[in-house]
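K.L.:
Got a predicted structure plus its sequence, pasted below:
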Amino acid sequence: MSLRVEDLTVYYQTLRGDVRALECATFSLADGEIMGLAGESGCGKTTLANSLILLVPPMRHVAGRVLLDGRELPICDVEAMNRYRFKEISVIPQYAMNAMNPTRKIGRMAMELLRSRRIDAKRALPELERRLDLVELSHNVLKMYPIELSGGMKQRMVMVLSTLMDPSLLLADEITSALDVSTQKAVVKMLVGFRDREIVRSVIVITHDMSILYQIADSILIMYAGQLAEKGPTETIIHSPRHPYTKLLITSLPKVGVKHDETRLKGIPGKPPLLLDPPEGCRFRERCPVAFEACREVPPFLEIEPGHFVACWKETEPNA
Amino acid sequence: MAKDADRKKRNEFLYFALRNNKLKIGALVVLLFVVLASVGPLLTEYSPRAYVGPLAAPPSSEFWFGTTTFGQDVFTQFVVGLRATFVVGAVGGGLATLIGMLVGFIAGYRGGMVDEGLNVLTNIVLVIPTFALLLIIAAYLKVRGIVTESVFIGFTAWPWAARAIRSQTLSLRSREFVDLARMSGMRPLRIIFTEIAPNMMSYLVMAFILQFGGAILIAATLDFIGLGPTTGMSLGLMMQYAVLWGALPLGIWWWFVPPGAAIAAIVGALYIMNVGLDEVFNPKLRET
Amino acid sequence: MLKLDGVSKTYRVGTFGGKQLQAVSEVSFEVSDGEVVSLIGESGSGKSTIGKMILRLVTITGGRILFDGRDISTLRGNAMKTYYREVQGVFQDPFSSYNPIFKADRVFEIVRDHFYPGVNDREWDEKVRSSLEAVGLNPRHVMDKYPHQLSGGQLQRFLIARALLLDIRFLVADEIISMLDASTRIDVLNLLAGLKGRGLAVLFITHDLSLGYYISEEAAILYRGCVVERGQTEKIYDRPIHPYTQMLMASVPRLDQKWEDVEIELRAKQEEPSTGCVYFERCPKARRDERCRDQRPPLVEVEPRHFVACASAGKEG
């Protein structure tokens, strides 16, 4: 499968005007690639994920298109997207594990979900059970209520349901934030296992936790205030980033082995701009240590090395 | 700058309050009756139980609401009864809200055994057959006034308000700002009144409105079956007398329709106001 | 300065309090002046409960907590107030720590009303200004504002400033940066570490191992209410001995190395209270040792400033 997003621009309509949550996002995803989508809160990562699968008000599509396997996805048309949702693109939403109806047994919920997608529940059952084995959940889980399951078990259940129809693209939105460290590792490794077994072909993992991405992602896309900042192979982003924001972000993360008394880590002063009326040009301008006049125009997302994209005038045109 | 934000927040409520039709219509109706109850008695020179006119006369220019089978002026009875009804609503409803707040806040804040104990109390009062209790009281107190009735209603109608307030208090209490207040050495009572209650203002206002309406209804019912006050006049009493003295078969509609319609209108308007207020206070229910 | 001696917390749950839930079980450790101690544990480890017990927000059902040698569970009234002058806390959710209908600086006013009633305006303003400066906040940016107008980082710093107004000696920091954005986290963390210079002692409660390493001299690892390993931070991280600590170290995603393939037993939902070692169900070493099922292993010093509660600890190399 291949995913290509071109100039995707999505705003939120509010009483006070448009919140410019996503500006001109352009990137591609290859077959079998696990891409991490990272950034702080409000950077637009969830907006990007939602645009790919459920673009409903107050979100408003302003420009751009999405191509899945060369065909344009009708992301603005919720009805037309029904064909693709769950079957070609699927999502594990944020807090999904807490959104299960507490009065329904898991099995019944699963059946209802499948029926609503017009899938024959009886025929899907053996495959469902096979998947449960894959994530090390006993089949008894189907007879239990959500409250009887631990966080990790619920998350794995949601993973199984979201991927039951073997979607080409899976969007995993903050699937580890509420889990214990050991469960996190298991869940995330199962996600990779899904990709390896070709149950899903490509995955976009949305998170603010860079260290998880370092462990499982092939590439990382960094976003800031609705704009794409940098994309590249994981090793490159973590160990030799080029965008000033990425550099500052990576160096501000505490790591085991770094002590305060020996190495003073630094953060990024200031805060992200409000997207109701964002500054012109590069939105990182105000906090950037190397900003100069050219930054008043939006820097293009250019490929500076094969597979490594940066949106920064300093990197692409340092003498401008 | 910050003062603007302050004003904006209050203006936000005001803005939605003024745009909310349910609130406006409900408030208007209630206001109408309040005005009527205040100035009505000044418009009539009769006293409610005096025999002043022809027996069972239909509405006319002299007796706007007609007369009863005894020749009493229905309009006078109506406006005086309206006043009494509002008194019961305010006193009874107010008392119920106050007791509910007391029990609810303490149970919600303290938790543990205190909470358990107050829950038991709440359940007992909820389950007491008020009807039977009233009969007993009626047997002992040969003379009862509006205030007695209000107090009785106040002491028996508080459980649901207490429950609602308790659950809100419980959820607010687990918020960290309460912990911070405790770590500043604030006493529990002060925390309840300065930190928790203000956060629940909308809730408390709505609870009072519901208690107000509820008290009026209960009073009307009690009056109607004869367990109401023995002195004075109220809308429920009017209806009781009307039915007692055969207004229905005799077709003396002007005796029981005004009080009945008034009660329905007032209580209905109060409930609609409440729904409107809920929309104003809770952004998620608004129609935008 | 602060000493926990066999502290336990038991909750009564179920109808009429029939069953018992042991949130904290005989925890002991110490914090000295100018020291940062990390309390590391996952959800259900009891770390927050310990913090709340130290802050007297939750009652202590077993053991003692001593502050400068005095048992704090006996404090009442004015003695409590004196305690709060010296011991304060900051919590995880900055937005929940403020009453949303009031301005943020009201928390300062409350402190003034209760602790400094006689101070005149000029002196008070000076105190506030120096506290805000110590946490790196500009008074003009943060005073006279509502909580929703400030960022999470600013709110947390504001709370630390509030604690500093009281000239505290001990701060309980319960997951104070976990809800902040990555770029502001490190600044608040640095701030906390910097306060050590004022003689402040900090109990840093977290689930994030790298934060614990960055900021603390000593650490205690908690599992289901019990201390399984404690001691000097470096020693624990370099040579974790307890199976749970080893599992934690192996499971934490790191930025400098990839995960090793270690077998991990995941937690099931039902965890019965056990009389033996709390980690028995998941421990890879316990199968061979029935002492683990029946007896709770005591904390044993395996090297200077490194204690482990494991029956097989002494046998490690």
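P.N.:
The structure has been received and is ready for your questions. Numbering: from 1, shown residues only, chains lettered A, B, ... in the order given.

K.L.:
quick one: the helices in the chain?
P.N.:
Answering for chain A, as no chain was given. Residue ranges of the helices in chain A, as given by DSSP state H, are A:45-53, A:78-81, A:106-116, A:121-134, A:151-162, A:181-196, A:210-216, A:234-239, A:244-251, A:313-316.

K.L.:
The intended chain is chain C.
P.N.:
Remark: helices assigned in chain C by DSSP H are C:47-54, C:77-86, C:106-115, C:121-134, C:139-142, C:152-165, C:182-194, C:209-215, C:233-238, C:243-251, C:291-294.

K.L.:
and if you look at the stretch 151-288 of chain B?
P.N.:
Listed in chain order, the helices found in the stretch 151-288 of chain B under DSSP state H, counting those that start in this stretch are B:159-173, B:176-182, B:188-191, B:201-224, B:235-244, B:247-250, B:253-281.

K.L.:
now for those, which one comes closest to C:Val27?
P.N.:
Each of the helices of the stretch 151-288 of chain B was scored for nearness to C:Val27 using CB to CB, and the closest is helix B:176-182 (20.7 Å). Placement of C-beta: from N, CA and C, glycine included.

K.L.:
Are stretch C:44-55 and chain B in contact anywhere?
P.N.:
Yes - in terms of CB under 8 Å from any CB of the partner chain, part of stretch C:44-55 sits within range of chain B, namely C:Lys52, C:Leu55.

K.L.:
Nearest residue to C:Asp187 in space, ignoring adjacent ones along the chain?
P.N.:
Spatial nearest neighbour of C:Asp187, chain neighbours left out: A:Gly267 (4.1 Å); criterion: CB to CB, 6 or more residues apart in numbering or on different chains.

K.L.:
Show me the shaky parts of the chain.
P.N.:
The chain I'm using is chain A. In the prediction, chain A carries residues with pLDDT under 70 at positions A:318-320.

K.L.:
Sorry, I should have been clearer: chain B.
P.N.:
Low-confidence regions of chain B, defined here as pLDDT under 70, cover residues B:1-13, B:16, B:282-288.

K.L.:
repeat for chain C
P.N.:
C:14-18, C:261-275, C:285-289, C:313-317.

K.L.:
Can you name the residues that contact the residue most central in space within chain C?
P.N.:
Of all residues in chain C, the one closest to the mean position by CA atoms, centre = their mean is C:Ile205, 2.7 Å from it. Residues in contact with C:Ile205, defined by CB atoms under 8 Å, 6 or more residues apart in numbering or on different chains, are C:Ser38, C:Leu39, C:Lys47, C:Ser48, C:Ile50, C:Gly51, C:Val172, C:Ala173, C:Asp174, C:Glu175.

K.L.:
Same list (the residues you listed) but as CSV, adding neighbour count and distance to chain A.
P.N.:
Formatted as CSV, the entries for the contacts of C:Ile205 read as follows, by neighbours: other CB atoms under 10 Å in any protein chain shown; distance: CB to the nearest CB, whole Å:
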residue, neighbour count, distance to chain A
C:Ser38, 28, 12
C:Leu39, 30, 15
C:Lys47, 27, 13
C:Ser48, 20, 15
C:Ile50, 30, 18
C:Gly51, 22, 19
C:Val172, 29, 19
C:Ala173, 28, 14
C:Asp174, 22, 17
C:Glu175, 19, 13
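
K.L.:
Any figure for the gap between the residue most central in space within chain B and B:Gln240?
P.N.:
Residue closest to the mean C-alpha point of chain B, counted by CA atoms, centre = their mean, is B:Phe212 at 1.0 Å. For B:Phe212, the distance to B:Gln240 (CB to CB, to the nearest Å) stands at 22 Å.

K.L.:
just B:Gly89 next, same as before
P.N.:
Taking CB to CB as the measure, B:Gly89 falls 18 Å from B:Gln240.

K.L.:
who has more neighbours, those two?
P.N.:
Neighbours around B:Gly89 and B:Gln240, counted as other CB atoms under 10 Å in any protein chain shown, are more numerous at B:Gly89. The numbers are 26 against 21.

K.L.:
list the contacts for the more buried one?
P.N.:
Contact criterion CB under 8 Å, 6+ apart gives B:Phe212, B:Gly213, B:Ala215, B:Ile216, B:Ala219 as the residues in contact with B:Gly89.
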